[in-house]
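J.: Fold the following for me, if possible:
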Amino acid sequence: MTDPAYQRLGLPVTASPFTVLRAAIRALHPDTRAVRGFRTARKRFYRQMLCAHVARQAAGDKPTG
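T.: Here you go, the predicted model:
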């Protein structure tokens, strides 16, 4: 099952990890990115998005968009 937050990024399966990271950063509200206390949670979110992308690539999903 794919993470709904990852699905909202709307990335093709061929996207690079850097592209996934940039999309995940843009998905967060600027106020959320600015709070220092959320740093650990933001890093966890980014790792989850990267892991979801790797899992999607490993599953062999067809490229979309």
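J.: does the residue nearest to residue 57 when sequence neighbours are not counted sit in a helix, a strand or a coil?
T.: If the residues on either side of it in the chain are set aside, residue 57 comes closest to residue 13, at 5.7 Å by CB to CB, 6 or more residues apart in numbering. Yep, even glycine has a C-beta here, placed from its N, CA and C like the rest. Assigned with DSSP: H, G, I helix; E, B strand; the rest coil, residue 13 falls in the coil class.
J.: and the host helix or strand of residue 55, what does it pack onto?
T.: Assigned by DSSP states H and E, residue 55 falls within helix 39-59. Applying 3 or more CB pairs under 8 Å, 6 or more residues apart in numbering; DSSP states H and E, one finds that helix 39-59 contacts helix 4-9, helix 17-27.
J.: Of those, which shows the lowest average pLDDT?
T.: Ranked on mean pLDDT, the bottom entry among those is helix 4-9, at a mean of 93.
J.: What's the separation between the closest residue to residue 55 other than its chain neighbours and residue 44?
T.: Once flanking residues are discounted, residue 55 sits nearest to residue 2: 7.8 Å by CB to CB, 6+ apart. Noted for residue 2: a distance of 17 Å to residue 44, by CB to CB, to the nearest Å.
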